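Participant: how would this look folded up:
(2 chains)
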Amino acid sequence: MSQSDAHIVILGAGHAGGTAAALLRQYGHTGLITLVGEEPIPPYQRPPLSKAWLKGEADADSLALKPLEFYADHNIDFRPNTRAEKLARSDKSVSLSNGETLSYDILIIATGMRPIRLPIEGADLPGVLTLRSAADAEAIKAALGPGKRLVIVGGGYIGLEVAASARALGAEAVVLEREARILARSACEPLSNFFRDYHISRGVEFVLGASVSGFIGEGGKVSGVRLADGRIVACDVVLLGVGATPNDEIARDAGLECARGVVVNLEARTADPSVFAIGDVTHRPMPHYDRMFGPESVPSALEQAKQAASAITGRAAPTPEVPWNWSDQYDLKLQIAGLPFDADRVLLRGDPASAKFAVFHLKGDQVQAVEAINSPPEFMMGKQLIANRKPVNLERLADTSVSMKEVAA
Amino acid sequence: MAKITYIEHDGTEHVIDVKNGLTVMEGAVKNNVPGIDADCGGACACATCHVYVDAAWQDKTGSTSAMEDSMLDFAENVEPNSRLSCQIKVSDALDGLVVRMPESQH
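Facilitator: Numbers count the residues shown, from 1 in each chain, chains lettered A, B, ... in the order given. Below you'll find the model as predicted:
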């Protein structure tokens, strides 16, 4: 049997798994592809769930990566509502939640992550929600509306996006953050402060340094959040936005190396040549940073889908990407290129008060990362500077009268 | 509904019926037309859905926003008729539209 006839089984029908299936067909794979997903619907985009979709500006059709008929039309056996239970690498098979056992020639693990649920009192009360799936977003949407009060535990990007959407829907939003500033793990201080102030100006409340000790209920659902100092923050609904954990158990149990996620190489392949892993479930090499990391982003999932599909179909590997991501809140577009690893200084370009500025993370005179608010030139040129490692003049970079093209010239 | 012809860099043509209200980018992506990546799914955040609009259609596809201009300004192989296809909404008026894809979106 040639590789192009191989039966490829993809575990996980999210952004990574769905994209891998489509790319394998684009790249000429002719064998059967089986796409196994826990959710009832075919692969869809998750980023709009906290933004456009929550505000009612996007429908299920627009979220779908491909229409349902695409899968049958392209000989992709899509299995919704099905979970992979156990991987037996010795006989190249996977047992599924419906009792069936699937044999594979090539396996792609794309099982993603799940939101962390805090192991504290009341965390299982109705109304204590997380956001990962379309069903989760539906539950949040149903709970929001004018006069409703949403408490968001965790001041990360998802929480802030939902806060912005909640305000647009006329709901009150309170963000509880354990650290002294929001976005503590993912953004530098000037950016944290900027987002905090922008949200405050739109009516969002913040409690920083807040340690949540439990949730209290009334009438069978959550009615408040208890802080360690005894304060109670009243609410109608809670969103837990305290991070996610990789669904890598199936790989661990099968003896594949895992760190924080399944360890893969630049082909998205594990140490088992027949087993690939892509997307949020992986711990992967980051080409421009000489280290392993899990970026937890759609662009990273797409990149790895390309890596795996290219390796499987014998196509040249994609050009190593500059990691990037984005966030939309109110009229703010944040675009992030690169990762701030090894940076020894932070440089501000532009004035945060104008809601148009960028924060560059530099290692000497090289750009490691840029966070750009309403500043596409800084993002686009920053991305190129990260890729080509060209040294920049820091004085010119800090001077907005010098265009980004001139800075990079 | 509009019939849109997407032409890959190597000349391969894909003729797709795209529903009104979708974008030119969605018409390609949902039909697995290669050459348009659209990493951000239409948020005007990535410039990986770059196309060249045939001269006859430039007026009908409308003007660009400041955000789109700014993104395009830094994309590769940009021409005067470059657009981000996630920013072109499909309507009956675009029936017959022809767009060409660049060699690479990255």
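
Participant: a helix runs through A:Val162, doesn't it?
Facilitator: Yes - per DSSP: H, G, I helix; E, B strand; the rest coil, A:Val162 lies within a helix segment.

Participant: now for the closest residue to it other than its chain neighbours, how many residues are close by?
Facilitator: Spatial nearest neighbour of A:Val162, chain neighbours left out: A:Ser50 (5.0 Å); criterion: C-beta to C-beta, 6 or more residues apart in numbering or on different chains. C-betas here are computed from N, CA, C, even on glycine. Residues near A:Ser50, counting by other C-beta atoms under 10 Å in any protein chain shown, number 27.

Participant: do the one 4 residues further on as well
Facilitator: By other C-beta under 10 Å, the residues close to A:Leu54 number 23.

Participant: now swap in A:Leu334 and tell me
Facilitator: 23.

Participant: what's opposite it in the beta bridge?
Facilitator: A:Ser327, A:Ile373 (DSSP bridges).

Participant: quick check, pLDDT for it.
Facilitator: Listed pLDDT for A:Leu334 reads 97.

Participant: so what's it up against?
Facilitator: A:Leu191, A:Trp326, A:Ser327, A:Asp328, A:Glu371, A:Ala372, A:Ile373 (C-beta atoms under 8 Å, 6 or more residues apart in numbering or on different chains).

Participant: pick out the most distant pair among those.
Facilitator: Spatially, the most separated pair among those is A:Leu191 and A:Asp328, at 15.0 Å (C-beta to C-beta).

Participant: from the contacts of A:Leu334, which single one is nearest A:Ala137?
Facilitator: Nearest member of the contacts of A:Leu334 to A:Ala137, counting by C-beta to C-beta, is A:Asp328, at 15.1 Å.

Participant: which residues touch that closest one?
Facilitator: A:Lys51, A:Glu161, A:Leu334, B:Ala43, B:Ala45.

Participant: how about those residues in a markdown table, adding distance to A:Asp236?
Facilitator: Shown next, in a markdown table, are those (distance: C-beta to C-beta, whole Å):
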| residue | distance to A:Asp236 |
| --- | --- |
| A:Lys51 | 21 |
| A:Glu161 | 19 |
| A:Leu334 | 28 |
| B:Ala43 | 29 |
| B:Ala45 | 32 |
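
Participant: between which two of those residues is the distance greatest?
Facilitator: A:Glu161 and B:Ala45 (13.4 Å).

Participant: poorly predicted segments of chain A, please.
Facilitator: A:1-2 (pLDDT under 70).

Participant: give me the residue at the spatial middle of the chain.
Facilitator: You didn't pick a chain, so chain A it is. Nearest to the mean C-alpha position of chain A, counting by C-alpha atoms, centre = their mean, stands A:Ser297 at 3.6 Å.

Participant: try again with chain B
Facilitator: B:Ser85 (2.8 Å).

Participant: max-length helix in the chain?
Facilitator: I'll assume chain A. Ranked by residue count, the top helix of chain A under DSSP state H comes out as helix A:298-313.

Participant: nope, chain B
Facilitator: Longest helix in chain B, counting by DSSP H: helix B:66-73.

Participant: list the buried residues in that helix.
Facilitator: B:Met67, B:Glu68, B:Ser70, B:Met71, B:Leu72, B:Asp73 (16 or more other C-beta atoms under 10 Å in any protein chain shown).

Participant: same question, stretch A:231-251
Facilitator: Of the residues in stretch A:231-251, those buried (16+ other C-beta under 10 Å) are A:233, A:235-242, A:244, A:246-248, A:250-251.

Participant: and for stretch B:93-103?
Facilitator: Buried residues in stretch B:93-103 (16+ other C-beta under 10 Å): B:Leu94, B:Leu97, B:Val98, B:Val99, B:Arg100, B:Met101, B:Pro102.

Participant: and if you look at stretch A:361-376?
Facilitator: A:361-362, A:366-376.

Participant: okay, and which of those map to helices?
Facilitator: Filtering the buried residues of stretch A:361-376 for helices - DSSP H - leaves A:Pro376.

Participant: show me the two of the buried residues of stretch A:361-376 that sit farthest apart.
Facilitator: A:Gln366 and A:Asn374 (24.6 Å).

Participant: any idea of the mean pLDDT for the longest helix of chain B?
Facilitator: pLDDT averaged over helix B:66-73 gives 92.

Participant: sorry, back to before: just the closest of the buried residues of stretch B:93-103 to chain A, please.
Facilitator: B:Met101 (13.0 Å; C-beta to the nearest C-beta).

Participant: mind listing what that closest one touches?
Facilitator: B:Tyr6, B:Ile7, B:Glu8, B:His9, B:Gly35, B:Ile36, B:His50, B:Val51, B:Tyr52.

Participant: cool, B:Glu76 as well?
Facilitator: Per C-beta under 8 Å, 6+ apart, neighbours of B:Glu76: B:Pro102, B:Ser104.

Participant: tell me if I am right that it is in a strand.
Facilitator: No - B:Glu76: not assigned to a strand; according to three-state DSSP it is coil.

Participant: quick check: phi and psi on it?
Facilitator: When read as degrees, to the nearest 10, the backbone of B:Glu76 gives phi -90, psi 150.

Participant: and the contacts of B:Met101, which is closest to chain A?
Facilitator: B:Gly35 (9.5 Å).

Participant: where does the closest one fall, phi/psi-wise?
Facilitator: Dihedral angles (degrees, to the nearest 10) for B:Gly35: phi 110, psi -10.

Participant: just the pLDDT for the residue lying closest to it once chain neighbours are set aside.
Facilitator: Nearest non-adjacent residue to B:Gly35, counting by C-beta to C-beta, 6+ apart: B:Met101, 3.5 Å away. On the pLDDT scale, B:Met101 is placed at 96.

Participant: coming back round to it: is it possible to get a markdown table of the contacts of A:Leu334 that adds distance to A:Glu85?
Facilitator: Shown next, in a markdown table, are the contacts of A:Leu334 (distance: C-beta to C-beta, whole Å):
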| residue | distance to A:Glu85 |
| --- | --- |
| A:Leu191 | 42 |
| A:Trp326 | 35 |
| A:Ser327 | 35 |
| A:Asp328 | 37 |
| A:Glu371 | 41 |
| A:Ala372 | 44 |
| A:Ile373 | 45 |
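
Participant: packing partners for the longest helix of chain A?
Facilitator: Using 3 or more C-beta pairs under 8 Å, 6 or more residues apart in numbering or on different chains; DSSP states H and E, the elements in contact with helix A:298-313 are helix A:15-26, strand A:275-277, strand A:282-286, strand A:324-329.

Participant: mind listing the helices in the chain by residue range?
Facilitator: Assuming you mean chain A. With DSSP H as the criterion, chain A has helices spanning A:15-26, A:60-63, A:68-73, A:134-143, A:157-168, A:189-201, A:249-253, A:298-313, A:376-388, A:394-398, A:404-408.

Participant: ah, no, chain B please
Facilitator: Going by DSSP H, chain B shows helices at B:24-29, B:66-73.

Participant: the last one packs against which elements?
Facilitator: For helix B:66-73, the contact count by 3+ C-beta pairs under 8 Å, 6+ apart identifies helix A:376-388, strand B:82-84 as packing neighbours.
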